[in-house]
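Asks: predicted model and sequence follow; I will ask about them next.
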Amino acid sequence: MLRIIDVRTGEPVVAAPVRRGLTRVEAHASGYGAGSLRVLLFADLLLRALELGGTPVWALLSGERDQAELRVGATALGMHPFEDGRGLGAGAGVGEAQILHVVEEGGPAPDGVCVAVAPAEGAVPRGGGSGRGFEGTDTDVAVLRFALLSRPRTEPVRLEADVLGEARETLVRWRRAVAAWARQPSRPVPDEVRGRLRTAWEDDLDLPEVLRVLRWVEDAGPELPHGARFESFAYADRLLGLDLLRDVGASA
């Protein structure tokens, strides 16, 4: 059961109500930039986690500035489409069981459950929404997504060369490994791995722990079949959205 920390109380709350009604996830962005894209990213991760648990969700973007550019950046980073949330009231609407607000740390906290995201600074995707570059470069923007989700959301992050380099190196290595494992007979995700992954992301969206579990899967001994490694990475990527299966079937 997914639990998140409500910044207003400092206490964990159940993100999905027992009654599986529609949950609204509303991202509050102050304007285009790395910090706002980090807010949208964690809203997207929250949506993915809820969907994996069987909860229907509705994604909204609120804010008065740079709405179109934020949507381009969100698309480039592989996020859910966000509808315009401006003008909607704070209370749950017809068919809504819960509203979750994702806000910038230190910013206004609307009524309802609020998830706070620490600031981020650095390179962000711009342009026509091709999803292939940082401000005119050809760097895979999944590197930016990886760098942002690899740090606890309560900690500020600067997207400097070393941070992006580490993310790029791991992403390339994992995609190659997944492509190699895909050539072996498939095996189910081990119960231990599935349990550790779900425990991590259901504990206040602990994405760094999810990545640690994948590193353990990568480095596990021969008792873990390659087919099980492949399925474990594919399962986790339903949450992470890093396109880890991108190179499957590509020429060696």
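Replies: Arrived safely.
Asks: every contact and neighbour count from this point should use C-alpha atoms.
Replies: OK.
Asks: which stretches in the stretch 1-150 of the chain count as helices?
Replies: 34-52, 67-76, 142-149 (DSSP state H, counting those that start in this stretch).
Asks: would TSV of those with distance to residue 99 and mean pLDDT be doable?
Replies: Below are these laid out as TSV (distance: least, C-alpha to C-alpha, whole Å; pLDDT from 0 to 100):
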stretch	distance to residue 99	mean pLDDT
helix 34-52	12	95
helix 67-76	21	87
helix 142-149	23	93
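Asks: would you map the strands across the stretch 151-252 of the chain?
Replies: Per DSSP state E, counting those that start in this stretch, the stretch 151-252 of the chain carries strands over the ranges 157-159.
Asks: which residues of it score low on pLDDT?
Replies: For the stretch 151-252 of the chain, the stretches with pLDDT under 70 are 251-252.
Asks: change it to 80
Replies: Applying pLDDT under 80 to the stretch 151-252 of the chain flags residues 250-252.
Asks: make TSV from the helices of the stretch 1-150 of the chain and add distance to residue 222 and mean neighbour count to it.
Replies: Output for the helices of the stretch 1-150 of the chain, formatted as TSV (distance: least, C-alpha to C-alpha, whole Å; neighbours: other C-alpha atoms under 10 Å):
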stretch	distance to residue 222	mean neighbour count
helix 34-52	30	23
helix 67-76	37	20
helix 142-149	27	23
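Asks: okay if I get those helices as a markdown table plus distance to residue 242?
Replies: Formatted as a markdown table, those follow (distance: least, C-alpha to C-alpha, whole Å):
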| stretch | distance to residue 242 |
| --- | --- |
| helix 34-52 | 11 |
| helix 67-76 | 12 |
| helix 142-149 | 6 |
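Asks: quick one: closest of those to residue 165.
Replies: helix 142-149 (8.4 Å; C-alpha to C-alpha).
Asks: tilt between the closest one and helix 34-52?
Replies: 80 degrees (axes from the mean of the first three to the mean of the last three C-alpha atoms, to 10 degrees).
Asks: could I get the full set of strands for the stretch 1-150 of the chain?
Replies: Going by DSSP E, counting those that start in this stretch, the stretch 1-150 of the chain shows strands at 3-6, 11-14, 22-28, 57-62, 83-84, 96-104, 113-117, 120-122.
Asks: so which of those comes closest to residue 210?
Replies: Once these are compared by C-alpha to C-alpha, strand 3-6 is nearest, at 15.3 Å.
Asks: please parse the protein into its domains.
Replies: With domains defined by automatic domain parsing, the chain comprises 3-160, 165-240.
Asks: got the buried residues for stretch 204-220?
Replies: Within stretch 204-220, the residues scored as buried using 16 or more other C-alpha atoms under 10 Å are 204, 205, 206, 207, 208, 209, 210, 211, 213, 214, 217, 218.
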